[in-house]
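[1] Could you work out the structure for the sequence below:
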Amino acid sequence: MTRTGLITFHFAHHYGAQLQAYATMRAIQDLGHDCDIIDFRLPHTTRTNQLFKRSGSVRDAASDAHTALHYAAFKARFDRFEAFVSQQMKLSPRRYTSFAKLRDDPPAYDVYVAGSDQIWNPYIYADKQFEPAFLLDFVQTGRRIAYAPS
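    Okay, the predicted model is just below:
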């Protein structure tokens with residue numbers, strides 16, 4: 001059985017991002033391959049998942065006040081997203097929080113798949129640069145596949 005590592009946005013508290021990650025993982029599995037989602041989470045993108053922003057900006061303070069007023073609903077939604085990832089997605093054994101950590105100790109798979117979603121959109125990253133992890137620059141050996149990146 002071919003071991004496949006999928007790198008995509010899987011951790012966003014956004015229905016579209018999580019469903020595309022899950023569907024891509026399941027499609028690869030349905031083709032008869034073992035598939036892990038490489039647990040790559042950048043700190044500046046995971047901060048958007050937090051219930052309270054705590055940044056000190058007026059916009060974030062307003063958002064935090066709104067969250068506090070509707071805490072039960074926001075907390076239930078937060079918990080659903082976290083549970084979906086932990087219960088439905090098969091994640092790599094190791095979590096990577098930077099490209100350097102991924103490059104220095106890459107996970108071992110026969111095939112690496114990058115995609116889908118906005119992984120090649122430089123404007124969603126803090127520095128407006130392409131993220132080399134989603135270009136599979138950490139792969140030392142194995143087949144590289146891009147699936148519907150945009």
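[2] can you pull the contacts of I119?
    Listed by C-beta atoms under 8 Å, 6 or more residues apart in numbering, the contact set of I119 reads 7-9, 131, 134, 149-150. All C-beta atoms are positioned from the backbone trio N, CA, C, and that covers glycine.
[3] measure it to T8 for me?
    6 Å (C-beta to C-beta, to the nearest Å).
[4] Give the intersection of the neighbour lists for these two.
    Common neighbours of I119 and T8 (C-beta under 8 Å, 6+ apart) are F134.
[5] show me where the protein has helices.
    15-30, 43-46, 58-69, 71-88, 99-104 (DSSP state H).
[6] got those as TSV, with mean pLDDT, distance to Y123 and mean neighbour count columns?
    Output for these, formatted as TSV (pLDDT from 0 to 100; distance: least, C-beta to C-beta, whole Å; neighbours: other C-beta atoms under 10 Å):
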stretch	mean pLDDT	distance to Y123	mean neighbour count
helix 15-30	94	16	16
helix 43-46	63	13	12
helix 58-69	80	19	12
helix 71-88	90	23	12
helix 99-104	96	18	15
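[7] which stretch among those comes nearest A114?
    helix 15-30 (10.3 Å; C-beta to C-beta).
[8] circling back to that earlier point, so for I37, which of the helices of the chain sits nearest?
    When these are compared (using C-beta to C-beta), the closest one is helix 15-30, at 5.6 Å.
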